[in-house]
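Engineer: The following block contains a protein sequence and its predicted model.
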Amino acid sequence: MRLSTKYMGFDLQNPLVPSASPLTRDLDTVKRLEDAGAPAIVMYSLFEEEISHDDEELEHYLSHGSYSFAEALSYFPEHQEYIQGPEMYLEQVRVLKEAVDIPVIGSLNGISIGGWIENARLIEEAGADALELNVYYLPTDINQTGTEVKQLFIDILKTVKEKVSIPVAMKIGHYFSALPSFAKRLKNAGADALVMFNRFYQPDINLEELEVEPMLQLSTSDEICLPLRWIAVLRDQLDISLAATSGVHTARDVLKLTMAGADVTMMTSALLKYGPDHLRKLQQDIINWMDEHEYESLNQMRGSMSMQNVPDPGAFMRASYIKILNEFRCE
């Protein structure tokens, strides 16, 4: 109970939620995650392209287009092994729901208003307890405005919410102007949670083959600073569940993000690197730190270091920027 939290209405034993990744393609791995203490599981993403294109078109898209994956690319099997379409995805939802006793959160990834959104309803009917909506969109049209991009997110969210009755989390990137205002619009449009933030995998250029190729680097703890700042800013301004993702590896990462105001801390890279049993270690390390610092529960510390609660709120804004630059010295 000391590590318990609430997320989208679910009472979870701890905040250590495995995020969308290929780990959930394997039933035995999901069972190991549950045994190690995972309080819920986010399934790998079902992509709009898997629903809307045949295999030949999709192979071309994946090989030559934008590398818009929500999960670690190098851990994907070969194309023919994992492009299975919505039927296999829905079957996996059913299999996981029968096999585990924790909430199963489906993940739907797309960038347009279209028939693929109907799969939100099918994922619910297959037994998913909630849905994570990942509008992983990279605007490249010079004539498309930021207002239009934000409206695309809002419209997709509203359309999905019309299809389902289960909670819907919105997973977003951080490349938005006026992010707090956009977060409020997402909540008003029906989002039950915000997942912050998506990792944008960047393409690289192969100088020998003269090809554009995907580049993957697993996250590091340094990356928690971005979700930490914005969760701290939003915690007391927005009544919505907040999930931190990107860079969660250690107990200290979890503690910092909880103090900023995160309800759950999601991870993939650490589990790919250390395996499911890493969840057990994190739980024990968190409890050890809490004992040493006399905390009774994570609820006691949640939001204690949000922007509203720290002595100097400017530390989350320009003050830290100025301080770092002024104190920097060359070796």
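Structural biologist: Great, that's in hand. Source: prediction; values computed, not measured.
Engineer: and the residue lying closest to Pro139 once chain neighbours are set aside, how far is that from Thr220?
Structural biologist: With Cβ to Cβ, 6 or more residues apart in numbering as the measure, Val149 is the residue that lies nearest to Pro139, at 5.2 Å, once sequence neighbours are left out. Where you see a C-beta, it was placed from the backbone N, CA and C, and this is true even at glycine. Counting by Cβ to Cβ, to the nearest Å, the separation of Val149 from Thr220 is 29 Å.
Engineer: what about these two, which has more around it?
Structural biologist: Each of Val149 and Thr220 had its neighbours counted (other Cβ atoms under 10 Å), and the higher figure belongs to Val149 (18 against 13).
Engineer: so where do the helices sit in the stretch 51-200 of the chain?
Structural biologist: 55-64, 79-82, 85-99, 118-125, 146-163, 179-188 (DSSP state H, counting those that start in this stretch).
Engineer: Can you tell me which helices and strands the fourth one packs against?
Structural biologist: Packing contacts for helix 118-125, counted by 3 or more Cβ pairs under 8 Å, 6 or more residues apart in numbering; DSSP states H and E, involve helix 85-99, strand 104-109, strand 130-134, helix 146-163.
Engineer: and the angle for the shortest one with strand 104-109?
Structural biologist: The directions of strand 130-134 and strand 104-109 differ by 20 degrees, with axes from the mean of the first three to the mean of the last three Cα atoms, to 10 degrees as the criterion.
Engineer: From the contact counts, what lies against strand 130-134?
Structural biologist: In terms of contact count using 3+ Cβ pairs under 8 Å, 6+ apart, strand 130-134 is assigned the packing partners strand 104-109, helix 118-125, helix 146-163, strand 168-172.
Engineer: what are the pairing partners of the last one, and which direction each?
Structural biologist: Translated: strand 168-172. In the sheet, strand 168-172 lines up against strand 130-134 (parallel), strand 193-196 (parallel) (DSSP bridges).
Engineer: out of these, nearest to Asp11?
Structural biologist: Across the strands paired with strand 168-172, the minimum distance to Asp11, taken as Cβ to Cβ, is reached by strand 130-134, at 13.3 Å.
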